[in-house]
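>>> Fold the following and give me the result.
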Amino acid sequence: WAHWPLPSLAGFVVGHAGLYQALAMFAVAYFIIGMTVLSVCAIATNGALDAGGAYYMISRALGPEFGGSIGIMFFLANVCGSALYVLGLVEAVVDSFGIPPGQEVGTGIHVLPQSYWYELLYGTVLLALCLLVCLVGASIYAKATFLIFLIVAAVLGTILVSFFATRPLKVPIRLPDVNGTETDNGFFSGFSLSTLRDNLGGAYGVDYTTGQMMSFSSVFAVMFNGCTGIMAGSNMSGDLKRPSYSIPRGTISAVLFTYLVYNLLAFLMCATCNRILLQKDYGFLRDISIFPPLVTVGIYAATLSAAMSNLIGASRILYALARDDLFGRALALAKKTSASGNPVMAVILSWLVVQVVLFSGKLNTIASVVTTFFLLVYATVNLACLALEWASAPNFRPTFRYFTWHTCLLGIAGCCVMMFLISPVSASASLGFLLLLLLALHYLSPSSTWGYISQALIFHQVRKYLLMLDVRKDHVKFWRPQMLLMVQNPRGSSRLIDFVNDLKKSGLYVLGHVELQDLDMLPSDPLQPQQESWLSLVDKLNVKAFVSLTLAPSVRHGVRQLLFTSGLGGMRPNTLVLGFYDDEAPQDGLARHPAFTSAREEVPLGFPPLRAPTTPKLLSAREYVGIVADALKMLRNVLLARQLESLDKAWELRRAASPAPTIHVWPVNLLRPDSARYADTCSLFLLQMACVLNMARAWRRARLRLFLCVEAGTMPHAQEEKLRQLLKDLRIQAQIQLVPWDAITRLHWQTCQGSPGGPAEEEEEEEGVVNFPTNTTQVSDEYVCAANKLVLAQSPAPTVRFLYLPRPPADTSLYPLYLHQLELLTRGLGPTVLVHGVSAVTSTQL
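Predicted structure coming up:
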């Protein structure tokens, strides 16, 4: 009952557009409306509805950004729509009771003065009447609309009878002209084939109320506003007892009824009224009616009903927006309600905005803007339903099933096309305004607990593409690092987390953590409460990482679990990153991190304090090396990062251009001087990782420096040229520096000659595999310290160093010695990454 067909609107459309184009307009308008109604019914029957109608549907489906933006647009559309109908009612009142142009004193019933300010006064009075009804509440509004329903039904019946009962007659028309008053005669012919033929085609003329030339788009804009009542029922969703039941039935019935009535009226008018009557007298139905006063009352009632419907709809939308706190204090006043729950302040605020819009003066002036807003809202309702359907969420199961994604898509396309056909300027401005609201709400609105359809859509698409990601089709050309970084306590690993984020090169990045507990001895999973702290950490550090937590009896077992289970399908970690095992006291880098110091935010409370230096470690040296060995057995590359917490990346990379920051790369196994190869799998992987780091945005200013260890009598320049060609083939830009290490290797050979077996008994290295069975027994600490000094002597000091990581020895009893020599090798080097690769990662192919 909230919105009924306006008979005079059909005359306006037919008078300018003709029957054919009028029927086409109604068909297009109701096609768009029909598709939208199906979407509204689907969403309305998928759960409990609250106040706000379309805003509530969209915000709960698409999230607060879209919901809040469209809520404001829909509020403005209803506000402008209410003003539109009030202005239309003023025009009808002035046509009936206004003093004719050229006369100073009225006669008979023509007693109302006509001017801009007088018409604004009449509009204000009529709007005040709508305000009074809406202030009383939804119950009185429902009773008023039921009374209007009876009146409009009687008027429609009278009009239909009048087309058959009224005899042909001339209708005098008096219109204002530049010279005073123009008089013309319209003609009601009764049913006439010639009249019908004359009215079949379009004949757009000047709208006598605005003086503007009409066109298809401008007539459609005015006509479409007479069809926007489909949202009247859904806007009252918070006041309906059974909205999921009432909205589909009431909305579909109203759409079918109004569509049939508009088409019937259009045909009857074309067959009985000439073009002059239709174009120059929008109130001609009074002249041809068998009971003219009833037509006048009916037109007034229908228009007043539409104005009230839009006003109360706008207030409900504003109240819902205020209650959801999307705009903070800006809408706090609109939350206030009466004792019965009527949002009186929202009604008053809506009334004030409508009053401001009334200053536009003429209804056709704002018609295109209102139509554009409504079309944008309808498009978004269809988008919400389409998103819910495409997301395939199990909980989206509306009881109304007469829709598909095709109807949603057709509704969106129809709305968008008509928006730009009606007014490209208004459409572009509306979309721009919507975009500004979206951005503002995205950055300023608080997070909601409504659920985000974007998450469901992303899940749906990610699952589909993960299934398409076939590991059997992997190729070395498209290899990328996929990192699993083990973190004991983020407080002491913030810079390492950031460094590995630069190393991932758009690959998978997982932060792993092992909690040493037994689930059998616990009442519930202790990892669930920690998850929120880890996710907040990822957000604050601005790293693109997943979080994977596990329970295990030991760290080694936990790392094995994560290596086996982290990732999904073709996205699994291929590289394990560990912090270095040493005796240095951990430092709380998280408290000093810019993400917390600049924003004056506290470190997440879910992380315990760092281990005290006197507290024993949770991990033994033997277990640590065992983790490295496990990873290599599982064909995972391994990175050991030492002193990365001392790397101040922001200072190192933003300091003065001279000298430029450097990355030192040592692709030779310094613990195996008798096998100084730089083109094996591990060396190439080390080169690749250094190059990947250099490709990261923050590290592009850095320069790669590659060190080639040479001995006397080995043709160093030939080796250099060979290495340079390799770098060229791999498209890696690096400076090559020759480093004589005869004095270092001499220490090694002296040790070997004094040891049983000697170098002749060493096991041969298999092709493509870096074997390291007995190095720890053959390389002395003296040699390792000398190698350390050799690396340290290369100046200027780099930002970070990449060193070759040998395989752990096969004899597990040698694990502590192996770790000891790694500590000697990297002592005092600053930020250093030890790298061991087991997979081919470089390609010279196109």
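
>>> rest of the way, CA atoms for contacts and neighbours
Noted.

>>> Surely Tyr85 touches Ala306?
Yes: Tyr85 lies in contact with Ala306 (Cα atoms under 8 Å); the separation is 6.5 Å.

>>> Between those two, which is the more surrounded one?
Using other Cα atoms under 10 Å as the criterion, Tyr85 and Ala306 rank with Ala306 on top: 28 against 25.

>>> if I look at Phe267, how far off is Glu65?
45 Å (Cα to Cα, to the nearest Å).

>>> And Leu444, by the same measure?
From Leu444 to Glu65 the distance is 10 Å (Cα to Cα).

>>> more neighbours, these two?
Between Leu444 and Glu65, Glu65 has the larger neighbour count (other Cα under 10 Å), namely 23 against 13.

>>> what about the more buried one, which helix or strand?
If you go by DSSP states H and E, Glu65 is part of helix 64-97.

>>> That helix - what's its average pLDDT?
Mean pLDDT, helix 64-97: 83.

>>> Just checking, which helix or strand succeeds it along the chain?
Taking DSSP H and E, what comes next after helix 64-97 is helix 116-136.

>>> Can I get that next one in CSV, CA atoms only?
In CSV, the C-alpha atoms belonging to helix 116-136 read as follows (Å, rounded to 0.1, in the frame of the first residue of the first chain):
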residue,chain,number,x,y,z
TYR,A,116,8.3,30.3,-6.4
TRP,A,117,8.0,31.3,-2.8
TYR,A,118,4.3,30.6,-2.6
GLU,A,119,4.9,27.1,-4.0
LEU,A,120,7.8,26.6,-1.6
LEU,A,121,5.3,27.5,1.2
TYR,A,122,2.7,25.0,-0.1
GLY,A,123,5.4,22.3,-0.3
THR,A,124,6.5,23.1,3.3
VAL,A,125,3.0,22.7,4.6
LEU,A,126,2.4,19.4,2.8
LEU,A,127,5.8,18.1,4.0
ALA,A,128,4.9,19.1,7.6
LEU,A,129,1.7,17.0,7.2
CYS,A,130,3.9,14.0,6.2
LEU,A,131,6.2,14.7,9.2
LEU,A,132,3.3,14.6,11.6
VAL,A,133,2.2,11.2,10.3
CYS,A,134,5.7,9.8,10.4
LEU,A,135,6.4,11.2,13.9
VAL,A,136,3.4,9.3,15.3
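
>>> could you give the angle of that helix to helix 64-97?
If you take axes from the mean of the first three to the mean of the last three Cα atoms, to 10 degrees, helix 116-136 sits at 120 degrees to helix 64-97.

>>> contacts for helix 116-136?
86-87, 89-90, 94, 140-141, 304, 307-308, 311-312, 342, 344, 347-348, 351, 355, 358-359, 361 (Cα atoms under 8 Å, 6 or more residues apart in numbering).

>>> try it again with 7 Å
The contact list for helix 116-136, computed with Cα atoms under 7 Å, 6 or more residues apart in numbering, reads 86-87, 90, 140-141, 308, 312, 344, 347, 351, 355, 358-359, 361.

>>> the inter-axis angle of the very next helix or strand once past it versus helix 116-136?
The helix or strand immediately downstream of helix 116-136 is helix 138-165, counting by DSSP H and E. Angle, helix 138-165 to helix 116-136, by the same axes, to 10 degrees: 130 degrees.

>>> how far does helix 138-165 sit from the chain's center?
Relative to the mean C-alpha coordinate of its chain, helix 138-165 is positioned 46 Å out (Cα atoms, centre = their mean, to the nearest Å).

>>> Chain neighbours aside, what residue packs nearest to Trp405?
What sits nearest to Trp405 in space, not counting adjacent residues and going by Cα to Cα, 6 or more residues apart in numbering, is Leu386, at 5.5 Å.

>>> Test my guess that the one you found contacts Thr404.
No: between Leu386 and Thr404 there is no contact, the gap being 8.1 Å when judged by Cα atoms under 7 Å.

>>> who has more neighbours, the two?
Leu386 (21 against 16).

>>> got the contact list for Leu727?
Leu727 neighbours (Cα under 7 Å, 6+ apart): Gln733.

>>> helix or strand for it, which one?
Applying DSSP H and E, one finds Leu727 within helix 716-729.

>>> Counting neighbours, show which residues of that helix come out buried.
Pro716, Glu720, Leu723, Arg724, Leu727 (16 or more other Cα atoms under 10 Å).

>>> Point me to the residue sitting closest to the centre of the protein.
Taking Cα atoms, centre = their mean, the centroid of the chain lies closest to Ser454, which sits 6.3 Å from it.

>>> Which residue comes closest to that residue once chain neighbours are left out?
Nearest residue to Ser454, sequence neighbours excluded (Cα to Cα, 6+ apart): Leu62, at 7.0 Å.

>>> quick one: the strands in the stretch 701-846 of the chain?
703-710, 735-740, 800-804, 832-836 (DSSP state E, counting those that start in this stretch).

>>> Same list, the ones you listed, but as CSV with distance to Thr272 and mean neighbour count please.
Below are the strands of the stretch 701-846 of the chain laid out as CSV (distance: least, Cα to Cα, whole Å; neighbours: other Cα atoms under 10 Å):
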stretch, distance to Thr272, mean neighbour count
strand 703-710, 87, 21
strand 735-740, 92, 15
strand 800-804, 90, 23
strand 832-836, 91, 25
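
>>> remind me which residues of the stretch 701-846 of the chain are low pLDDT?
713, 748-778, 844-846 (pLDDT under 70).

>>> And the helices in it?
Using DSSP state H, counting those that start in this stretch, the helices of the stretch 701-846 of the chain run over 716-729, 742-753, 775-778, 781-792, 815-826.

>>> follow-up on the earlier one: tell me which of the strands of the stretch 701-846 of the chain lies nearest to Leu9.
If you check each of the strands of the stretch 701-846 of the chain against Leu9 by Cα to Cα, strand 703-710 wins as the nearest, at 74.4 Å.

>>> now that closest one against helix 781-792, angle please.
140 degrees.

>>> and strand 703-710, which strands flank it?
strand 662-666 (parallel), strand 735-740 (parallel) (DSSP bridges).

>>> between the first one and strand 832-836, how big is the angle?
Following the same axes, to 10 degrees, one obtains 40 degrees for the angle between strand 662-666 and strand 832-836.

>>> what's the model's confidence in strand 662-666, averaged?
For strand 662-666, mean pLDDT is 92.

>>> re the thing from before, so the residue nearest to Trp405, which of the three states?
Under DSSP: H, G, I helix; E, B strand; the rest coil, Leu386 falls in the helix class.

>>> ok so, going back, with distance to Pro292 as new columns, can the strands of the stretch 701-846 of the chain be given to me in JSON lines?
Formatted as JSON lines, these follow (distance: least, Cα to Cα, whole Å):
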{"stretch": "strand 703-710", "distance to Pro292": "91"}
{"stretch": "strand 735-740", "distance to Pro292": "97"}
{"stretch": "strand 800-804", "distance to Pro292": "92"}
{"stretch": "strand 832-836", "distance to Pro292": "93"}
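
>>> Show me what secondary structure element comes after the biggest helix by length in the chain.
Using DSSP state H to define each element, the chain has its longest helix at helix 7-44. Next along the chain after helix 7-44, taking DSSP H and E as the criterion, comes helix 54-62.

>>> That next one packs against which elements?
helix 64-97, helix 363-391, helix 453-468 (3 or more Cα pairs under 7 Å, 6 or more residues apart in numbering; DSSP states H and E).

>>> If you count neighbours, what's buried in that helix?
Ala54, Tyr55, Tyr56, Met57, Ile58, Ser59, Arg60, Ala61, Leu62.

>>> now swap in stretch 668-676 and tell me
For stretch 668-676, by 16+ other Cα under 10 Å, it's Val668, Asn669, Leu670, Leu671, Arg672, Pro673, Ala676.

>>> so how far is that stretch off the chain centroid?
Offset of stretch 668-676 from its chain centre (Cα atoms, centre = their mean): 53 Å.
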